[in-house]
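**Student:** fold the following, please.
(chains A and B)
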Amino acid sequence: QVHLKESGPGLTKPSQTLSLTCSVSADSMSSGAYYWTWIRHLPGKGLEWIGYISYSGATYYNPSLKSRITISLDKSQSRFSLNLTSVTAADTAVYHCAVRTVTKYFFHDWGQGTQVTVSS
Amino acid sequence: QSALTQPASVSGSPGQSITISCAGTSSDIGAYDLVSWYQYHPGKALKLIIFDVTDRPSGISTRFSGSKSGNTASLTISGLQAEDEGVYYCCSYSGGTTLYVFGPGTTLTVL
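**Tutor:** Residues are numbered from 1 along each chain as shown, chains lettered A, B, ... in the order given. Down below sits the predicted model:
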């Protein structure tokens, strides 16, 4: 089991950049066997896959968000991050980090999620 | 609007069985046997309950089962228990550029 925990500001102003971090267990990060994923829970709309990053740093983004997102990996700190630029109220959501094994196509472990509200 | 379609809510009495449908297209559910289901209780982490259409992770009750026909997947919960209440999301790998699509979630109420 991979343990994940999200952190970040609960409130972000419109047009600013949202930055979130997901901390994971060190042995999981170093295994190289996973895709480190961000998924968000939009109110009234369900879940939306944002993207993920591999151990080698290869990224895969949802094309609807691709121009505004960056997912990065900090192996030394056993964490990965999401930056979402030019946020609007439509980006208000619960943001979850999750993990997918490279050879599988499902998300087997998730963080509890962190609420992000975009408001002035 | 979600890419997959689920009923907003279902309900059943303890001991009964319920089925939640998840409708997609020939580009996602119809194209891949890579449907997964997740159980959500607000404030908690989502839990994987079905993967690859029919498989259960270790520790998930055999009361949960999955199936697929054409572009529609289904989750069946038999012998309903109070602890089954929550929101259930389906997900399909869809290849292309948007690799994963989810449903909007179905709220299960155990009466």
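
**Student:** which bits of chain B sit near chain A?
**Tutor:** B:1-2, B:32, B:34, B:36, B:38, B:43-48, B:51-52, B:57, B:89, B:91, B:93, B:97-105 (CB under 8 Å from any CB of the partner chain). The C-beta positions use only the backbone N, C-alpha and C, and glycine is treated the same way.

**Student:** just the buried subset of the residues you listed, please.
**Tutor:** Buried subset of the residues of chain B next to chain A (neighbour count, 16 or more other CB atoms under 10 Å in any protein chain shown): B:2, B:32, B:34, B:36, B:38, B:45-48, B:51-52, B:89, B:91, B:93, B:98-105.

**Student:** just the ones in strands from the residues of chain B next to chain A, please.
**Tutor:** B:36, B:38, B:47-48, B:89, B:91, B:93, B:100-102 (DSSP state E).

**Student:** which stretches of chain A form strands?
**Tutor:** Going by DSSP E, chain A shows strands at A:4-7, A:11-12, A:18-24, A:34-42, A:46-54, A:59-61, A:69-74, A:79-84, A:93-101, A:109-110, A:114-118.

**Student:** now distance to residue B:22, mean neighbour count and mean pLDDT too, for the ones you listed, in a markdown table please.
**Tutor:** Formatted as a markdown table, the strands of chain A follow (distance: least, CB to CB, whole Å; neighbours: other CB atoms under 10 Å in any protein chain shown; pLDDT from 0 to 100):
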| stretch | distance to residue B:22 | mean neighbour count | mean pLDDT |
| --- | --- | --- | --- |
| strand A:4-7 | 25 | 18 | 96 |
| strand A:11-12 | 32 | 16 | 96 |
| strand A:18-24 | 27 | 20 | 97 |
| strand A:34-42 | 17 | 23 | 95 |
| strand A:46-54 | 11 | 23 | 94 |
| strand A:59-61 | 23 | 18 | 95 |
| strand A:69-74 | 26 | 17 | 96 |
| strand A:79-84 | 27 | 21 | 97 |
| strand A:93-101 | 19 | 23 | 96 |
| strand A:109-110 | 19 | 22 | 96 |
| strand A:114-118 | 26 | 17 | 96 |
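
**Student:** distance to chain B added to the ones you listed, as CSV?
**Tutor:** Output for those, formatted as CSV (distance: least, CB to the nearest CB, whole Å):
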stretch, distance to chain B
strand A:4-7, 8
strand A:11-12, 19
strand A:18-24, 12
strand A:34-42, 8
strand A:46-54, 4
strand A:59-61, 6
strand A:69-74, 13
strand A:79-84, 16
strand A:93-101, 7
strand A:109-110, 4
strand A:114-118, 10
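
**Student:** ok now stretch A:20-37, how far from the chain's centre?
**Tutor:** Distance of stretch A:20-37 from the chain centroid (CA atoms, centre = their mean, to the nearest Å) equals 11 Å.
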